[in-house]
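Student: Only the shape, not the letters, is given here:
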């Protein structure tokens, strides 16, 4: 049974939670956000129906035989881990017998996974309100004890890399799924390369080991995820801080020689010609790390806006086109900060620059400019106006669909509603899953925008332009959505929905 068939087992609200839990590492946080919004709109809402559906028996084929299993066992390991983490977040408000029934179903699964087993134990501990015992397996305990003994001596020469190479070999034998180890290995490699002094290295190793030991001794999944995000942020910050320091080592002489030429052109705001294009050809010779260093040295984010159209015009004259990673770096350094800081409509020069690069490099623009702006806590009217122009004038249908799918994952405000309206007016080619997700999102957002005319007009656009997409489930979801509307357009919205039901 595929995912689409499984989704039909759930009601509209539960389906939105399932979609969130299927969305990778961020699934538990997304599901918690959706659940909180559902509770705000309906204080009596609970997860009883959701959990009961997960525990329903479903027929499936196992080892060439038709057997019956709980529905939750038919989902991927990622979904099950995300589900357990999500329930760990909100377990105090969930009926205990429902949680116990679900855990019993999960323990029947023949596909034993180490992380899932630990999370099941953790949730049992949550229910029982006890922290006795350990979540570590005997193998993990043995490995940690070995690490403690190995690094108790400050003069140890083995270091982290060799240690985890040995542990990696052991894990290949027992097929243990410890995804945290490769991360530690990468971190250790960086330590081995960057620190030559044995005493200083030993101190840093001991600090890192204490962190690793605390992780393995039962930190909840959400703290591990938070720590992983913190490590990534720290890595990005370290990269940013060291790039200028390492520039003399990273960039070759002829690339460094182009820096003052390009900076002078940017500062003078005039004099761009064929020689200017030649100076920018060094971008073709840089790897991704070198491009980051070069952009930092050029201070692209501080270049006068009046010079942006000419600079972008020269970029567009380069042959061949910039690689995806290079275009992403240039767009990020040159434009992202300016757009995020807009408090009034963008200048003509900035608009020209953004539109020219978006037309030539739409995918980097979607991923490294439009998406970060949409993920900002508040999308101002100036940013929304610029994004709407990009949607209407620069993006092809498949790139508009990328933007639309990003919007389904972010929090909505009036600025985001403007972008959605522009996308809908462009007659998006939505499949059944995309439209179902959209209507679920409309339903969850409707209490927040009950008096918003912009939201009401967007709903009217959906009901008038996407009638053919409205199936029975979506019709029910939209009807629930309209029940919250308090604008003078409510009668028109109900009439539009009724016409769709009459045509079915």
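Tutor: Great, that's in hand. If you're wondering where the values come from, they're calculated on a predicted model, not measured in any experiment. Residues are numbered from 1 along each chain as shown.
Student: Could you check how many residues crowd around residue 290?
Tutor: Residues contacting residue 290 under the criterion other CB atoms under 10 Å number 20. All C-beta atoms are positioned from the backbone trio N, CA, C, and that covers glycine.
Student: Quick one: residues in contact with the host helix or strand of residue 52.
Tutor: For residue 52, the host element (DSSP states H and E) is helix 48-55. With CB atoms under 8 Å, 6 or more residues apart in numbering as the contact definition, helix 48-55 has outside contacts at 9-11, 13-14, 17, 70-72, 83, 94-95, 98-99, 101-102, 105.
Student: so residue 7 makes contact with residue 18?
Tutor: Yes. Using CB atoms under 8 Å, residue 7 is in contact with residue 18, at 6.1 Å.
Student: Setting the sequence-adjacent residues aside, check what's closest to residue 285.
Tutor: When the adjacent residues along the chain are set aside, residue 285 lies closest to residue 255, with 6.5 Å between them (CB to CB, 6 or more residues apart in numbering).
Student: where does the stretch 1-150 of the chain dip in pLDDT?
Tutor: For the stretch 1-150 of the chain, the stretches with pLDDT under 70 are 1-4, 63, 109-113, 129-137, 150.
Student: And for the chain?
Tutor: Looking at the chain by pLDDT under 70, you get 1-4, 63, 109-113, 129-137, 150-250, 269-275, 501-504.
Student: any idea where the strands of it begin and end?
Tutor: 57-62, 65-70 (DSSP state E).
Student: Which positions in the first one come out as buried?
Tutor: Buried positions in strand 57-62, judged by neighbour count with 16 or more other CB atoms under 10 Å: residue 58.
Student: which outside residues touch it?
Tutor: Under CB under 8 Å, 6+ apart, the answer for strand 57-62 is 1, 9, 66-71, 74, 110.
Student: and which of those residues is nearest to residue 494?
Tutor: Closest approach between those and residue 494, by CB to CB: residue 9, at 29.3 Å.
Student: okay, now the closest one: neighbour count?
Tutor: 15.
Student: Ignoring the adjacent residues along the chain, who's closest to it?
Tutor: residue 53 (5.4 Å).
Student: now the one you found: how far from residue 83?
Tutor: The gap separating residue 53 from residue 83 is 12 Å, by CB to CB, to the nearest Å.
Student: overlap in contacts of those two?
Tutor: Common contacts of residue 53 and residue 83 (CB under 8 Å, 6+ apart): none found.
Student: Show me which of those two is the more surrounded one.
Tutor: Of the pair residue 53 and residue 83, residue 83 is the one with more neighbours under other CB under 10 Å, namely 27 against 17.
Student: can you pull the contacts of that one?
Tutor: Taking CB under 8 Å, 6+ apart, we find residue 83 in contact with 21, 54, 72, 75.
Student: how is this protein carved up into domains?
Tutor: As assigned by automatic domain parsing, the chain contains the domains 3-128, 147-167+174-217, 247-393.
Student: and the end-to-end length of stretch 6-25?
Tutor: Terminal residues of stretch 6-25 lie 21 Å apart, using CA to CA, to the nearest Å.
Student: Contacts for it, please.
Tutor: By CB under 8 Å, 6+ apart, stretch 6-25 touches 3, 27-28, 30-31, 33-35, 38, 45, 49-50, 53, 56, 58, 71, 74-76, 78-79, 82-83, 86, 225, 228, 409, 436-437, 440-441, 443-444, 473, 476-477, 480.
Student: check contacts around the nearest residue to residue 449 once chain neighbours are set aside.
Tutor: Nearest residue to residue 449, sequence neighbours excluded (CB to CB, 6+ apart): residue 455, at 3.6 Å. Contacts for residue 455 (CB under 8 Å, 6+ apart) come out as 417, 445-446, 449.
Student: I appreciate the help and will end here.
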